[in-house]
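A.B. asks: Take this sequence and fold it.
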Amino acid sequence: MNTSTTAGHLIVAQLERAGIQRVYGVPGESFLDVLDGLHGSSIETVVTRHEGGAGFMALAEGRLTELPGVAMVTRGPGAANAFIAIHTAHQDATPLILFVGLIPVADRGRESFQEFDINAWFGSTAKKVVTLDDAASAALVVDDAIFTALSGRPGPVVIGLPEDVLVHAIESGTVEPRAVARTEPTASDLAALEQRLAAARKPLIVVGGEGWNQASSEALAGWASRHGVPVLADFRAYDAFPHDSDAYAGYLGYARSDNNARRLDEADLLVFVGCVRADVLSDGYKRGLDAVTVVVNLDADLLGHFGRLDQHIPAHVASFSHALAATASAVQPAAGWLAEARADYEKFSSAQPDGGTGADLAVVMEILKQEMDDDAVITYGAGNHTLWPARYLKHNSANSLAAPRNGAMGMGIPAAVAASLAFPGRQVISVAGDGCFMMNGQEIATAMGHGGRFIVLVVDNGIFATIREHQEGHYPGRPSGTHMTNPDFAALARSYGGYGERVDRAEEFAAAFRRAADSALPAVLHLPQDPATRSPKTASN
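C.D. replies: From the prediction side, this is the model:
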């Protein structure tokens, strides 16, 4: 039934009806009526300290749950700060809704205070950009945004909210949320795939993207194990497949093993499920180009796919996995094809000490594997520090990793905040480099204000190590622009009211981790690292 309300209040009502539980944002005068609608709402308003943090929190929620994350920012500077999350959600194919307050309609085109062109800014990176000029359509616009963000190739949608339109009195109500279908593979799709499987001697499955859940991951794992087909994960999609499955063979992308790169080239059949043969996965469009290629992906355009394509199955990853698991296959991989891949993974993921001074991160990861819960959520941003958790930590629970596939720094701490709020009963661990932490580490204050709990491992080597490593290769002996001066990270955590402790040696880590967990606070463990230590080598040691 329609009731008299305002567009701002109707936006909140439609978000409630869609099942949105949190919105992340920095308040602005341009969307006061939406903030008023959130007063007393069932939706928690998570007040962040920076719009980039708000965007990354929403992105993490979209990555880890079945609904898009929602962020709200103001016009001009606020929108600019949130842009990093839109670019990340676009390249990562993650559902996200960004509401941006705008100037009043009558002020457009006058270069008024904080005016900008929302379509020009976001049009090349968002799935859709829409401005709410008709107050009565507020509920429809919100519902369409959620549907668009989740449909096909997931991604971000940006909604502009003119300040004056939000307060218009309207006689409108919420609408029934549109359901996003989980498209099933057809019988002919499966039959064609089976023909290719039966002809293959070195088939390889690569998993990635969004939409996985525990049941579908385990269904695919069961099929792959029964039929002797190795499974690799796309870059930073390591939680799409259980690592304890004897079919799991590791990952592709940055810091992958040399053996997996070779395996990608040797495969005679590549089945991409939820992902495509893209830049990072293929080592810059160089590997895995000759094999018969099947792509299971809802994106009709297969954005980012490079090279050969023999079959496109437009199905949801969960639907496909269950359908495949219900079929028998005549596939007969070459002797040792899976066993060798699994043995390589087990060797590659067993840490060897890195040496050097400070906390040995390889040893720390081995200890962390024993200390962390099996369903723990891992978050990190971008940088040299991420290569240790990617290589050594295990994911046996779907939706247990929130990290930027586009390499955006600064996501780890906001993602940890969002994960801890979305899953209050689960352990959340963030591995942060000193550079990455300082980009959004202030969001620990947000966690303190909203009851978030997580443990952050801050790897402190005083340099932007990834860039320094490139400099050492291209400009040896000439480091430039990569030095950092850092605070006492443990003391910084305590200043927010959290737990902080310095861990100088790996042998001290287990006890420190337990103390951090027992504190029931956002916690930071400050791990000094030898600046000369570099990422784990790519070869299977």
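A.B. asks: Val363 contacts Pro353, doesn't it?
C.D. replies: Yes - counting by Cβ atoms under 8 Å, Val363 touches Pro353, with 5.6 Å between them. C-beta coordinates here come from the backbone N, C-alpha and C atoms, glycine included.
A.B. asks: List the residues that contact Ala416.
C.D. replies: By Cβ atoms under 8 Å, 6 or more residues apart in numbering, the contact set of Ala416 is 377, 379, 428-430, 447, 452, 454, 456.
A.B. asks: Give the buried residues for the host helix or strand of it.
C.D. replies: For Ala416, the host element (DSSP states H and E) is helix 412-422. Residues of helix 412-422 classed as buried by neighbour count (16 or more other Cβ atoms under 10 Å): 412-422.
A.B. asks: Which one of these is nearest to Val46?
C.D. replies: Leu421 (6.8 Å; Cβ to Cβ).
A.B. asks: Make sure Ala18 is actually in contact with Ala145.
C.D. replies: No - counting by Cβ under 8 Å, no contact exists between Ala18 and Ala145, whose distance comes to 9.7 Å.
A.B. asks: And the two? Which one has more around it.
C.D. replies: Legend: neighbour count by other Cβ atoms under 10 Å for Ala18 and Ala145, higher for Ala145 (27 against 21).
A.B. asks: What distance do you get for the more buried one to Leu98?
C.D. replies: 9 Å (Cβ to Cβ, to the nearest Å).
A.B. asks: Return every residue with contacts to both of those two.
C.D. replies: Contact criterion Cβ under 8 Å, 6+ apart; residues shared by Ala145 and Leu98: 157, 159.
A.B. asks: just to revisit the earlier point, comparing Val363 and Pro353, which residue is more hemmed in?
C.D. replies: Neighbour totals were compared for Val363 and Pro353, and Val363 leads with 18 against 11 (other Cβ under 10 Å).
A.B. asks: any idea which helix or strand carries the more buried one?
C.D. replies: helix 361-371.
A.B. asks: The helix or strand just after that helix - contacts with which helices or strands?
C.D. replies: Using DSSP H and E, the helix or strand that directly follows helix 361-371 along the chain is strand 377-379. For strand 377-379, the elements it packs on are strand 401-402, helix 412-422, strand 428-433, judged by 3 or more Cβ pairs under 8 Å, 6 or more residues apart in numbering; DSSP states H and E.
A.B. asks: Which of these sits closest to Arg226?
C.D. replies: For Arg226, the closest of the helices and strands packed on strand 377-379 is strand 401-402, at 25.9 Å, according to Cβ to Cβ.
A.B. asks: quick one: secondary structure of Ser216?
C.D. replies: Three-state assignment for Ser216 (DSSP: H, G, I helix; E, B strand; the rest coil): helix.
A.B. asks: ok, now which ones touch it?
C.D. replies: Contacts for Ser216 (Cβ under 8 Å, 6+ apart) come out as 317-318, 321-322, 398.
A.B. asks: of all these, which two lie farthest apart?
C.D. replies: Farthest apart among the contacts of Ser216 by Cβ to Cβ are His322 and Ala398. That separation is 13.5 Å.
A.B. asks: coming back round to it: format the contacts of Ala416 as CSV; extra columns: neighbour count.
C.D. replies: Formatted as CSV, the contacts of Ala416 follow (neighbours: other Cβ atoms under 10 Å):
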residue, neighbour count
Val377, 28
Thr379, 31
Val428, 28
Ile429, 26
Ser430, 30
Ala447, 26
Gly452, 24
Phe454, 27
Val456, 29
